Every structure is written in structure tokens, then in C-alpha cells.
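Student: sequence first, predicted coordinates after that:
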Amino acid sequence: MTDASAGMRYSHAMPATEELIHQTLAKTLLAGRLAPGTQLVETRLAEIFGVTRERVRKVLHRLGHERLLDVVPNRGAFVASPTLDQAREIYEARRIVEGGIVGRLAGRLSAAQIAALRAHSAREKQALRQGDRAVSIRLSGEFHSLLAECAASPLVLRQLQELVSRTSMLVAFFEPAASSECACEEHEAILGALAQGDTGRAIKSMHTHLSLIETRLTPRAATPLPLAAPEEELKRAWAAAQRGQRSAGKATPRKAAKR
């Protein structure tokens with residue numbers, strides 16, 4: 001989340017292995033499995049993923065664009081270290097921008113747009129049921145980006161994606177996992193108001209939702225869990241990603257050979 005548009009450009013251009021590396025790192029970061037400020041060393045990552053440093057560097061820069069890492073020139077890439085002080089400023093900006101977005105969209109969404117948003121909301125709930133926190137955080141951010149896309153303003157979309165990207169790691173570090181269920185319900189309330197064309201209720205629902213997320217960000221939730229060494233955590237995550245890829249490949253039926 002990112003410049004999510006920048007993320008999409010990277011995604012379309014990156015080889016499959018780099019995409020899988022990106023997914024593995026992003027999922028590990030959004031699950032809060034790497035401590036804030038941890039340096040991700042290119043040479044060690046290259047060994048873990050079995051690729052060159054150049055390919056690792058491309059992935060790290062993409063994660064930097066997405067605000068999941070802090071990429072510091074001449075120093076390297078570090079796990080982002082957001083603070084609660086930053087949260088207040090960012091969420092106030094989001095209330096201003098997103099209140100305007102839903103105010104514009106109320107009563108103007110097409111049936112297809114509403115159906116797409118409801119389908120996305122269903123995927124959020126599925127991730128929640130499966131206990132996949134990283135996917136839940138990603139889908140939650142994408143819900144807001146989808147609303148901005150419906151507004152059909154590239155400038156607004158870029159601004160919103162920048163703000164959402166800045167809040168993803170805040171949520172990963174500071175929001176209790178159990179709060180994700182509340183966020184799903186709040187998204188449903190926003191969507192219901194939009195579908196009914198109730199502008200006032202849509203704006204109020206969005207403001208309430210963002211304010212509640214902000215209040216759920218607590219230092220207590222950020223109390224660090226016992227974490228494995230970064231390399232060991234990433235080795236496990238990479239092995240799981242590769243197993244998943246192999247399983248998906250086996251599940252895909254092959255086309256019959258032409259005779």
C-alpha cells in the first residue's frame with residue numbers, strides 16, 4: 001500500500017520468483033513477525049531466497065515504496081518503525097480525504113461496483129476466519145483504495161494510497177488482532193450507507209471507522225512477542241511460500257496435449 005499504483009507497476013514487471021519473494025516478505029512484515037528497526041541485509045536475503053543481491057534489492061525498494069520498509073541510502077533497508085504520534089496526524093488526514101470520497105460516492109455507485117465491494121468484504125471476513133492477519137490487514141487497506149478508485153480521480157487515489165500505506169504497519173504493530181472483526185463490521189456499515197445513498201450516514205460511518213481504528217492502536221498492543229531471529233523467521237516463511245506454490249501448481253489441471 002503504497003503507492004499501491006507503484007506497487008502494481010512493479011508487480012506486473014517482476015519475474016514470478018521476485019513476486020513470490022515480495023509476497024513472503026510483505027506477509028511476514030504485516031504479520032508483525034519482524035521487530036521494528038530490524039535491518040534486512042541483502043546478502044543474507046539473497047542466500048535465503050536463492051537469488052542475486054540485485055533481485056533482492058528490487059524487492060526491498062518495492063517494499064520501501066509500499067512503506068513496509070524504511071530504505072535509507074548508503075545504509076540499507078529496515079523494518080518500518082511507526083509511532084503512535086504519527087498515527088494521530090495520518091488518521092486525521094484520512095478522515096478528511098475519505099469523508100470526501102464517500103460523500104461523493106453515496107448514491108452514485110453502480111450495481112457492479114457495489115457487488116465488487118461486497119465481494120471484497122467477503123474476502124476480508126474469510127481471512128479473519130482463517131486467522132491470516134497479514135492478509136486481513138492488506139485486504140482492509142485495499143477496501144479503502146477500492147472506494148477511492150470508484151471516485152474516478154487519479155489524484156485522490158494516489159493521495160489515499162499514500163495514507164493507507166502509512167497506516168498498514170501502524171495496524172500491524174499497534175492494533176490487537178481481535179480488533180480486525182470490528183473493522184469488517186465497520187466496512188459493512190459504510191457500504192450499506194453508500195448503497196442506500198445516505199450521504200450523511202456514509203460520511204459519519206467512515207469518520208467513526210477511522211477514529212475507532214485510531215483508538216484501537218495502543219502501546220499495550222505493541223508489547224513485543226518473543227520473535228525468532230529474522231533469518232530463521234524468513235527461512236520458515238520462504239519454505240511455506242514455496243510449499244504453497246508447489247501445491248497450487250499441482251492443483252492446476254494441465255491442458256490435454258494436441259494430437
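Tutor: Sure thing, it's come through. Numbers count the residues shown, from 1 in each chain.

Student: where do the helices of this protein begin and end?
Tutor: Using DSSP state H, the helices of the chain run over 4-13, 16-30, 42-49, 53-65, 84-105, 111-129, 133-150, 154-174, 180-195, 199-216, 230-251.

Student: format those helices as TSV; extra columns: mean neighbour count and distance to residue 75.
Tutor: Yep, even glycine has a C-beta here, placed from its N, CA and C like the rest. Converted to TSV, the helices of the chain look like this (neighbours: other CB atoms under 10 Å; distance: least, CB to CB, whole Å):
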stretch	mean neighbour count	distance to residue 75
helix 4-13	15	22
helix 16-30	20	18
helix 42-49	17	12
helix 53-65	19	12
helix 84-105	17	21
helix 111-129	15	34
helix 133-150	21	26
helix 154-174	21	19
helix 180-195	19	34
helix 199-216	18	31
helix 230-251	13	16
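
Student: do I have it right that residue 166 meets residue 86?
Tutor: Yes. Assessed by CB atoms under 8 Å, residue 166 is found in contact with residue 86 at 7.5 Å.

Student: sorry, back to before: TSV for the helices of the chain, including mean pLDDT and distance to residue 73?
Tutor: Below are the helices of the chain laid out as TSV (pLDDT from 0 to 100; distance: least, CB to CB, whole Å):
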stretch	mean pLDDT	distance to residue 73
helix 4-13	41	18
helix 16-30	89	20
helix 42-49	95	14
helix 53-65	95	11
helix 84-105	95	21
helix 111-129	95	35
helix 133-150	93	27
helix 154-174	89	20
helix 180-195	92	35
helix 199-216	96	32
helix 230-251	83	21
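
Student: including distance to residue 36, could these go into TSV?
Tutor: Shown next, in TSV, are the helices of the chain (distance: least, CB to CB, whole Å):
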stretch	distance to residue 36
helix 4-13	21
helix 16-30	10
helix 42-49	18
helix 53-65	14
helix 84-105	12
helix 111-129	23
helix 133-150	15
helix 154-174	7
helix 180-195	20
helix 199-216	18
helix 230-251	12
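
Student: which one of these lies nearest to residue 77?
Tutor: Nearest to residue 77, of all the helices of the chain, is helix 53-65, at 4.3 Å by CB to CB.

Student: so the closest one versus helix 154-174, what angle?
Tutor: Note on geometry: by axes from the mean of the first three to the mean of the last three CA atoms, to 10 degrees, helix 53-65 and helix 154-174 are set 100 degrees apart in direction.

Student: so for residue 68, what's the nearest residue that isn't a sequence neighbour?
Tutor: Distances taken as CB to CB, 6 or more residues apart in numbering put residue 29 closest to residue 68, at 4.7 Å, once the chain neighbours are dropped.
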